[in-house]
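In: Give me coordinates for this.
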Amino acid sequence: MTVFDTPMMARGGRGACPCGCTPWWAVAEEEASYRGKGPARRTDLQITSALEDLLTEDPWLDASGMQVSVQQGIVTLSGTVPSRAAKRRAEELADTIRGVRDVQNTLTIAGHEPIR
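Out: Here you go, the predicted model:
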């Protein structure tokens with residue numbers, strides 16, 4: 001008989017490991033409150049990469065005419081998109097990225113003249 005043949009409750013109680021330690025999934029909520037506590041700040045390059053991936057993978061957005069730049073956590077979206085809905089969606093997606101402080105949306109809608 002090995003330690004893996006013994007019931008989980010034999011040594012450390014419900015959810016315990018056979019060796020008697022408490023596994024990470026059995027730790028009380030108040031002890032496991034580190035979710036979302038990452039590095040103090042994401043770099044602009046990390047934000048750019050994450051946003052470009054998100055825009056590329058979004059099934060409702062054609063981001064092929066867009067450019068993304070980030071300076072000190074402030075995202076600037078530029079280029080053209082096919083519709084007003086795409087312009088709004090791109091801004092909403094950018095705002096979901098952790099580390100983004102603000103979004104400047106300068107996207108233009110293809111076929112429309114900017115208002116002056």
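
In: Poorly predicted segments of this structure, please.
Out: 1-18, 22-33, 113-116 (pLDDT under 70).

In: To what extent is the residue nearest to residue 55 when sequence neighbours are not counted buried, counted in neighbours?
Out: Of all residues not flanking residue 55 in the chain, residue 63 sits nearest, at 4.0 Å (C-beta to C-beta, 6 or more residues apart in numbering). The way it works is simple: take the backbone N, C-alpha and C, and place the C-beta from them, glycine included. Number of residues near residue 63 (other C-beta atoms under 10 Å) recorded here: 22.

In: element containing residue 63?
Out: Under the criterion DSSP states H and E, no helix or strand holds residue 63.

In: okay but it is in contact with residue 54, surely?
Out: No - look at residue 63 against residue 54 with C-beta atoms under 8 Å: they stay out of range, at 9.2 Å.

In: Regarding the protein, what is its longest helix?
Out: In the chain, taking DSSP state H as the definition, the longest helix is helix 44-57.

In: Name the residues of that one that are buried.
Out: Across helix 44-57, burial judged by 16 or more other C-beta atoms under 10 Å covers 44, 47-48, 50-51, 54-55.

In: now those residues as JSON lines including distance to residue 97?
Out: What follows is those, written out as JSON lines (distance: C-beta to C-beta, whole Å):
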{"residue": "44", "distance to residue 97": "11"}
{"residue": "47", "distance to residue 97": "6"}
{"residue": "48", "distance to residue 97": "9"}
{"residue": "50", "distance to residue 97": "5"}
{"residue": "51", "distance to residue 97": "5"}
{"residue": "54", "distance to residue 97": "7"}
{"residue": "55", "distance to residue 97": "10"}
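
In: Looking at those, which is nearest residue 93?
Out: Nearest to residue 93, judged by C-beta to C-beta, of the buried residues of helix 44-57 is residue 54 at 5.4 Å.
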